[in-house]
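# predicted structure and sequence below. I'll ask about it afterward.
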Amino acid sequence: MGISFILLIVVILGVAAVVVMLLVGMYNGLVRSRNVFRNAFAQIDVQLKRRHDLIPNLVETAKAFMAHERETLEAVIVARNQAESMRNTAAMNPSDTAAVGQLAQAEGHLGGVIGRLFAVAEAYPDLKSNANMMQLTEELTTTENKVSFARQAYNDAVTLYNNKRETFPTNFISGFFSFGPAALFEITEENEREAVKVSF
């Protein structure tokens, strides 16, 4: 009885150790995945900040040539300020699905308003040939491309994280330790899905 009892205890302890290692591995995998999507959001945040910083300069340059388009210029600034506010909120907690959704919506609206600004600017040849405007347009185009790539990387990281937290048996760990879902950064309105065209 002594040897079989010891053997039983060793087997139970061995199984318990394997189970604990599996649970720790699943927990650590969730933490790593969450950190990856948070880092991916930080990359979007950097590019959106750059985009938001360029827009006032763009509007100031356009204002000198488009005095009669005050409503359009003001709409760009209002949309930019709203998007900047949503960016700050989402940056504080990229795990907040509502904040990320509101940011995506604000960015979609901002993209639509900027698109309208460039459409109106087509009627102003002096603005189109202005060196400052051309430089800002080029910088904005580059930034838009970087935002697009950063958003794709973020959405890929979010998908991997959500898949990990929802699949068996990791879903038990994610539920127990409150690993909530992450939100994709997606544009919801069809007309806002189109890339901002900034060609001069």
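Everything's here; your move.

# can you name the next helix or strand after the least confident helix or strand in the chain by mean pLDDT?
Of all helical and strand segments in the chain, the minimum by mean pLDDT, DSSP states H and E falls on helix 125-128, at a mean of 86. The helix or strand immediately downstream of helix 125-128 is helix 131-166, counting by DSSP states H and E.

# quick one on the thing from earlier: list the buried residues in the least confident helix or strand of the chain.
Residues of helix 125-128 classed as buried by neighbour count (16 or more other C-beta atoms under 10 Å): 127-128. Backbone N, C-alpha and C define where each C-beta goes, glycine included.

# got the CA positions of it in CSV?
Provided in CSV are the C-alpha atoms of helix 125-128 (Å, rounded to 0.1, in the frame of the first residue of the first chain):
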residue,chain,number,x,y,z
PRO,A,125,-6.3,76.6,-59.6
ASP,A,126,-4.1,78.9,-57.5
LEU,A,127,-4.6,76.7,-54.5
LYS,A,128,-3.8,73.6,-56.4
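
# residues in contact with that helix?
Contact with helix 125-128 is made by 61-62, 65-66, 121-122, 133-134, 200, as judged by C-beta atoms under 8 Å, 6 or more residues apart in numbering.

# what's the answer for stretch 68-88, then?
45, 48-49, 52, 55-56, 58-59, 62-63, 66, 99, 102-103, 105-107, 109-110, 113-114, 116-117, 120.

# which of these fall within helices?
Per DSSP state H, helices hold the following members of those: 45, 48-49, 52, 55-56, 58-59, 62-63, 99, 102-103, 105-107, 109-110, 113-114, 116-117, 120.

# list only those of those residues flagged as buried.
Neighbour counting by 16+ other C-beta under 10 Å classes 45, 48, 52, 55, 58-59, 62, 99, 102-103, 105-107, 109-110, 113-114, 117, 120 among these as buried.

# quick one: low-confidence ranges for the chain?
1, 188-200 (pLDDT under 70).

# repeat that for 90
Within the chain, the segments meeting pLDDT under 90 span 1-5, 63-70, 121-129, 186-200.

# quick one: Ala67 from Tyr124, how far?
Using C-beta to C-beta, to the nearest Å, Ala67 is found at 10 Å from Tyr124.

# between these two, who's got more neighbours?
More neighbours surround Tyr124 than the other of Ala67 and Tyr124, with 16 against 9 (other C-beta atoms under 10 Å).

# how near is the nearest residue to that one once chain neighbours are set aside to Phe185?
Residue nearest to Tyr124 in three dimensions, not counting chain neighbours: Phe65, with 5.0 Å by C-beta to C-beta, 6 or more residues apart in numbering. Separation of Phe65 from Phe185 (C-beta to C-beta) stands at 34 Å.

# and those two? which has more neighbours close in?
Remark: of Phe65 and Phe185, Phe185 carries more neighbours, 23 against 16, as counted by other C-beta under 10 Å.

# quick one: secondary structure of that one?
coil (DSSP: H, G, I helix; E, B strand; the rest coil).

# you'd agree it is up against Gln105?
No - Phe185 is beyond contact range of Gln105, at 10.4 Å (criterion: C-beta atoms under 8 Å).

# could you find the closest non-adjacent residue to Val36?
In this structure, Val36 finds its nearest non-sequential neighbour in Ala157, 4.8 Å apart by C-beta to C-beta, 6+ apart.
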